[in-house]
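> Generate a structure from the sequence data that follows.
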Amino acid sequence: MVSVKHDPNERDAGVVDEIVGYVTSTPPRSFFLFAGAGSGKTRTLVAVLRKITGIGTVDAQEEPGLTANDAAVRFARELRARAQTILVITYTKNAALVVTGRLGSNDLTQVTTIHSFCWDLIAGFDEDIREALLAMNANALQKANDAAARRKKGPTDKDKEKIGELEAKAAALAATPQFTYSPDRKRHGDGALNHSQVLALASWLLKQKPTLRRILRDQHPVILIDESQDTMKSILDSLLEVVAEAPSRLMLGLLGDHRQRIYLDGHADLPSLVPEAWATPRLEMNHRSQRRIVDLINEIWDSDLEGRTQSRKAVHQYPREEKSEGLVRIFIGNASASAEDKLHREALCEAAMKIQTGFADWEPGSLGHKVLALEHSLVARRGDFLEAFEALSLLDPDSVHPDANGDISGPTAVQMLLREMMDLADCIKDGGVPSDFAVTEVLHRYGRLQQLPEDVESRMKLLKAYQQAVEDFVMACVKPAVTVREVLAPVLQVGLFEPDKRLVAAFNDMNPPPPAPKPRQPETLENRFARGWHGLFESPWIQLRRFKTYLSGKSHLATHQVVKGLEFDHVMVVMDDEDAAGNHFAYDRLFGAPLGDSDVKNVAEGKETSIDRTLRLLYVTCSRARESLALVLWAKDSAQALAYAQKSKWFKPGEVQAIPE
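Okay, here's the model as predicted:
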């Protein structure tokens with residue numbers, strides 16, 4: 001290992017060889033790699049894979065001293081002789097693409113997402129899948145019957161309905177000959193499985209079927225799991241059992257950082273789950289952030305806060321020697337301010353950061369910095385596309401929240417609006433004039449010129465109608481405050497693109513929308529859809545454009561959760577518990593606000609609290625920043641929060657400021 005005294009930036013230089021030793025030793029040794037934010041976890045993973053497979057070349061500057069040793073060469077030969085591969089499981093498709101992109105061609109390594117891994121493992125075992133589903137359904141049915149039996153007045157109508165549904169489901173499962181699944185899109189119909197079902201099935205079958213465990217070990221003697229802190233508990237538990245059953249035949253490597261667990265599916269305290277015999281290598285460097293930001297995230301995790309139940313055990317991080325600066329500010333204001341006032345004053349915070357850092361990237365609205373809000377609706381309000389967002393959420397709430405994979409593309413019924421019509425709008429040049437070449441290319445792309453009538457007269461008539469529709473569309477687009485309905489009308493009138501039937505039916509429905517239900521009151525799907533369609537058609541067209549930008553990840557706005565794994569030069573974290581209207585996170589309580597009743601109860605029982613969840617989320621958001629970081633807290637008692645922050649070890653003198661008026 002390189003001496004830290006000689007090169008502090010090489011503090012982690014020996015970790016790759018350390019892990020290679022665990023993999024290639026006889027017997028192999030499973031491990032958990034502590035890898036904090038910006039520590040080069042993916043770089044380390046790729047370097048290990050290159051060494052133990054002996055495939056690919058390594059840039060000397062990027063991976064100094066990375067040469068194959070005899071044990072690794074023998075290990076690679078044995079893998080090939082046995083037709084085995086090393087399995088790398090990632091949390092998202094994007095993460096898998098990053099690993100394969102850096103690794104290059106490597107026939108001894110298989111990189112996959114957790115959902116793809118689970119389906120590859122069980123696909124085709126239809127009898128076993130049916131058995132597992134029936135067992136899970138029987139368990140749910142038993143619980144429903146037990147709950148109904150405990151009622152003094154006998155089963156309720158709701159109990160009877162639930163029991164009947166579960167009994168009907170059992171009959172349907174018994175008659176299903178085949179089961180299907182796709183990790184990339186939803187499937188429908190008999191036998192179609194969803195994402196959570198596939199994870200649950202793989203876990204159940206690994207525990208119940210020795211043959212499946214043997215197949216897994218025979219195919220993959222080494223399994224490496226990235227972002228293991230967010231891996232579903234049942235899957236991780238099953239794999240741990242498979243390793244414990246035959247530790248000499250399967251080696252498991254977990255890579256992650258429990259401080260960055262933001263999904264509740266993962267284990268609350270993964271480090272405590274790691275068996276004592278396992279190795280625990282660690283990456284101590286933070287290659288991403290300037291020193292001031294690294295110091296802050298260390299202090300955040302070391303905090304002894306009231307209401308905290310999670311362990312402070314973690315790897316202290318060190319910045320690179322050349323990263324000696326960085327700027328942190330926290331702005332605190334009163335949560336009772338109106339939504340409009342908050343937006344205005346957050347822009348003043350951005351302007352203050354521009355002055356204090358000297359970076360023009362902090363210009364309000366600039367793509368040079370990332371603004372992180374707690375919920376998608378808060379992002380929509382700050383991005384000025386709230387009306388369109390709320391309307392689309394009524395049509396399909398699962399399709400409007402960007403995810404880490406970038407797979408979300410909006411409701412299926414409005415795809416023509418978000419694809420064809422957006423592409424057509426991009427053909428409009430400055431001055432409101434369309435590019436004929438670009439328009440023709442868009443029409444070709446969506447097959448509108450390939451299906452023209454063969455009759456010359458009919459053909460010319462349709463082309464002329466298309467041309468008029470494009471001109472009317474352009475004229476509508478350039479009008480200030482034009483609505484989606486106005487922009488859509490000329491497109492539908494001549495069939496410029498092929499629309500979804502639901503879109504056409506809703507557009508032609510001139511009935512007024514039903515009123516919104518009162519809080520906590522149910523609403524029929526028909527009414528919800530009617531309100532969604534009406535709201536969408538009356539939304540400003542520019543809002544739909546902004547929503548599409550947000551959905552694609554190209555906006556300067558994002559939620560706290562979606563950016564895990566990403567990094568930006570400058571970050572502003574907006575902490576607003578009032579507007580978020582949720583109970584999972586409570587930033588106010590990190591700054592002296594009293595605990596809620598549920599937190600007090602959970603502390604007494606040693607369970608996770610909102611303090612634990614919020615602290616992890618704050619660690620994640622702060623560690624996204626490379627150069628400068630602004631925290632904006634809207635507190636119920638801003639004076640108390642200001643005083644608390646000024647006394648906190650988190651911030652230095654001058655870093656705590658009131659939100660500008």
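> where in this protein is pLDDT low?
1-5, 55-69, 184-188, 403-408, 581-583 (pLDDT under 70).
> in stretch 433-451, what's buried?
Within stretch 433-451, the residues that count as buried by 16 or more other C-beta atoms under 10 Å are Pro434, Val439, Val442, Leu443, Tyr446, Arg448. C-betas here are computed from N, CA, C, even on glycine.
> just how off-centre is stretch 257-273 within its chain?
16 Å (C-alpha atoms, centre = their mean, to the nearest Å).
> Can you tell me what sits against it?
Contacts with stretch 257-273, where a contact means C-beta atoms under 8 Å, 6 or more residues apart in numbering, come from 32, 34-37, 39, 41, 227-233, 236, 240, 254, 256, 280, 301, 310-311, 313-314, 560-561, 564, 608, 616-617, 619-620, 623.
> That one: end-to-end distance?
End-to-end span of stretch 257-273 (C-alpha to C-alpha, to the nearest Å): 13 Å.
> repeat for stretch 326-343
Using C-alpha to C-alpha, the two ends of stretch 326-343 sit 26 Å apart.
> Can you list the buried residues in it?
In stretch 326-343, counting by 16+ other C-beta under 10 Å, buried: Gly326, Leu327, Val328, Arg329, Ile330, Phe331, Ile332, Gly333, Asn334, Ala335, Ala337, Lys342.
> Ala268 and Cys118, how far apart?
From Ala268 across to Cys118, the span is 22 Å (C-beta to C-beta, to the nearest Å).
> who has more neighbours, those two?
Cys118 (27 against 17; other C-beta atoms under 10 Å).
> residues near Arg259, how many?
If we define neighbours as other C-beta under 10 Å, then Arg259 has 23 of them.
> returning to what we had before: closest to Ala373 among the buried residues of stretch 433-451?
Proximity of the buried residues of stretch 433-451 to Ala373 (C-beta to C-beta) peaks at Val442, which lies at 33.3 Å.
> Apply the buried test to the contacts of stretch 257-273 and list what passes.
Using 16+ other C-beta under 10 Å as the burial test, these include 32, 34-37, 39, 41, 227-232, 236, 240, 254, 256, 301, 310, 314, 560-561, 564, 608, 616-617, 619-620, 623 as buried.
> For the closest residue to Val242 other than its chain neighbours, pull up the helix or strand it's in.
Closest residue to Val242 apart from its sequence neighbours, by C-beta to C-beta, 6 or more residues apart in numbering: Arg213 at 5.0 Å. For Arg213, the host element (DSSP states H and E) is helix 210-219.
> May I see the buried residues of that helix?
Result for helix 210-219 [16+ other C-beta under 10 Å]: buried residues Leu212, Arg213, Leu216, Arg217, Gln219.
> What of stretch 18-29?
Neighbour count says stretch 18-29 has Glu18, Ile19, Val20, Gly21, Tyr22, Val23, Thr24, Pro28, Arg29 buried, by 16+ other C-beta under 10 Å.
> My understanding was that Glu227 contacts Ala96; is that so?
No - in this structure Glu227 lies outside contact range of Ala96 using C-beta atoms under 8 Å: 11.1 Å.
> overlap in contacts of the two?
Thr90.
> So Ala558: helix, strand or coil?
strand (DSSP: H, G, I helix; E, B strand; the rest coil).
> which residues sit in contact with it?
If you count contacts by C-beta under 8 Å, 6+ apart, Ala558 has them with Lys370, Val371, Leu372, Ala373, Val379, Pro402.
> And it, how close does it get to Val574?
11 Å.
> okay, and the common contacts of the two?
Shared contacts of Ala558 and Val574 (C-beta under 8 Å, 6+ apart): Val371, Leu372, Ala373.
> which one of these sits closest to Pro319?
For the shared contacts of Ala558 and Val574, the nearest to Pro319 is Leu372 (21.7 Å; C-beta to C-beta).
> Surely the closest one is within a strand?
Yes - Leu372 forms part of a strand when assessed by three-state DSSP.
> State the number of residues packed around Phe631.
Careful, residue 631 is Leu and not Phe. Based on other C-beta under 10 Å, the number of other residues close to Leu631 is 27.
> Surely it is in contact with Val573?
Yes - counting by C-beta under 8 Å, Val573 is a contact partner of Leu631 at 5.1 Å.
> Residues that sit against both of the two, list them.
By C-beta under 8 Å, 6+ apart, the residues touching both Leu631 and Val573 are Cys622.
> What residue spans form the domains of this structure?
8-120+209-286, 123-200, 291-383+556-658, 386-391+403-551 (automatic domain parsing).
> can you give me the strands for the stretch 301-450 of the chain?
318-319, 327-334, 370-373, 428-429, 433-434 (DSSP state E, counting those that start in this stretch).
> and these as TSV, adding distance to Glu420?
Below are those laid out as TSV (distance: least, C-beta to C-beta, whole Å):
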stretch	distance to Glu420
strand 318-319	48
strand 327-334	42
strand 370-373	30
strand 428-429	14
strand 433-434	14
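> closest one to Lys207 among those strands?
That would be strand 370-373 among the strands of the stretch 301-450 of the chain, by C-beta to C-beta, at 38.7 Å.
> quick one: contacts of that closest one?
346, 379, 382, 556-560, 563, 568, 570-574, 576, 621, 624.
> Mind doing that once more with 7 Å?
Identification of contacts with strand 370-373 by C-beta atoms under 7 Å, 6 or more residues apart in numbering yields 379, 382, 556-560, 563, 568, 571-574, 621.
> And for stretch 538-548?
Applying C-beta under 7 Å, 6+ apart, the external contacts of stretch 538-548 come out as 383-385, 387-389, 391, 417-418, 422, 477, 481-485, 487.
> Recalculate using a threshold of 10 Å.
Residues outside stretch 538-548 that contact it (C-beta atoms under 10 Å, 6 or more residues apart in numbering): 380, 383-392, 400, 409-410, 414, 417-419, 421-422, 425-426, 476-477, 479-488, 513, 536, 554-555, 557.
> filter those to the buried ones?
380, 383, 385-392, 400, 409-410, 414, 417-419, 421-422, 425, 476-477, 483-488, 513, 536, 555, 557.
> Identify those among these that sit within helices.
Residues from the buried ones among the contacts of stretch 538-548 lying in helices, with DSSP state H as the criterion: 380, 386-392, 417-418, 421-422, 425, 476-477, 484-488, 536.
> just checking, what packs against the helix ranked longest in the chain?
Counting by DSSP H, the longest helix found in the chain is helix 126-149. For helix 126-149, the packing partners by 3 or more C-beta pairs under 10 Å, 6 or more residues apart in numbering; DSSP states H and E come out as helix 114-122, helix 157-174, helix 195-208.
> quick check: angle from it to helix 195-208?
100 degrees (axes from the mean of the first three to the mean of the last three C-alpha atoms, to 10 degrees).
> Buried residues in helix 126-149, which are they?
Buried-residue list, helix 126-149, by 16+ other C-beta under 10 Å: Asp128, Ile129, Arg130, Glu131, Ala132, Leu133, Asn137, Ala140, Leu141, Ala144, Ala148.
> Dump those into TSV; add distance to Asn286 as well.
Shown next, in TSV, are the buried residues of helix 126-149 (distance: C-beta to C-beta, whole Å):
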residue	distance to Asn286
Asp128	45
Ile129	44
Arg130	49
Glu131	48
Ala132	43
Leu133	45
Asn137	47
Ala140	45
Leu141	51
Ala144	50
Ala148	54
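> what's the first-to-last distance across stretch 149-167?
Criterion C-alpha to C-alpha; first-to-last residue distance in stretch 149-167 is 17 Å.
> Run through who's touching it.
Asn137, Ala138, Asn139, Ala140, Leu141, Gln142, Lys143, Ala144, Asn145, Ala147, Ala148.
> Tell me how far it lies from the chain's centre.
37 Å.
> circling back to that earlier point, test my guess that the residue nearest to Val242 contacts Ala202.
No - using C-beta atoms under 10 Å as the test, Arg213 is too far from Ala202 to be in contact (11.4 Å).
> what sits in contact with each of those two?
What both Arg213 and Ala202 touch, as defined by C-beta under 10 Å, 6+ apart, is the set Ser238, Leu239.
> Contacts only, for the residue nearest to Gln640 when sequence neighbours are not counted.
Counting by C-beta to C-beta, 6+ apart, Gln640 lies nearest to Gly592, which is 5.6 Å off, once chain neighbours are set aside. With C-beta under 10 Å, 6+ apart as the criterion, the residues that contact Gly592 are Leu305, Glu306, Ala635, Asp637, Gln640, Ala641, Leu642, Ala643, Tyr644, Ala645, Lys647, Ser648.
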